[in-house]
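Novice: Have a look at this fold, sequence not included:
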């Protein structure tokens, strides 16, 4: 498909930095919580806003979590399936 765009975005998020729900790697620091909690909460808000902006522009978004990179075969299959999906119109 020459000249067409797939309009696909793949983000790789660190589990702690981006708040991977239910992940054992999503542990907030116990020290300086007055600094870390607002920072990590802002990361999650920014991620959600950016993802929604892309979706509104017709992009498909796929998030790869840091913990998923430890299972490269399974991750490769997920990414391949995402890339093969028809684009959002």
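Specialist: Good, I have the coordinates. All figures in this text were calculated on a predicted structure; none of them were measured in a lab.

Novice: The closest residue to residue 15 other than its chain neighbours: what's it in contact with?
Specialist: When the adjacent residues along the chain are set aside, residue 15 lies closest to residue 25, with 3.7 Å between them (C-beta to C-beta, 6 or more residues apart in numbering). Bear in mind the C-beta positions are built from the backbone N, C-alpha and C, glycine included. For residue 25, the contacting residues are 15-16, 66-67, taking C-beta atoms under 8 Å, 6 or more residues apart in numbering as the criterion.

Novice: again with residue 39
Specialist: Under the criterion of C-beta under 8 Å, 6+ apart, residue 39 has no neighbours.

Novice: Which strand or helix spans residue 62?
Specialist: Take DSSP states H and E as the rule and residue 62 turns out to sit in strand 60-65.

Novice: model confidence over the longest helix anywhere in the chain, on average?
Specialist: Longest helix of the chain, by residue count under DSSP state H: helix 33-56. Confidence for helix 33-56, expressed as mean pLDDT, is 96.

Novice: Tabulate the contacts of residue 25 in CSV, adding columns for distance to residue 44.
Specialist: CSV is the format used below for those (distance: C-beta to C-beta, whole Å):
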residue, distance to residue 44
15, 12
16, 11
66, 15
67, 16
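
Novice: biggest separation within those residues, which pair?
Specialist: When these are compared pair by pair using C-beta to C-beta, the two farthest from each other are 16 and 67, 10.2 Å apart.

Novice: So in terms of bridging, what pairs with the residue nearest the centre of the chain?
Specialist: Geometric centre of the chain, nearest residue: residue 63, 2.8 Å, by C-alpha atoms, centre = their mean. Taking DSSP bridges as the rule, residue 63 bridges to residue 11.
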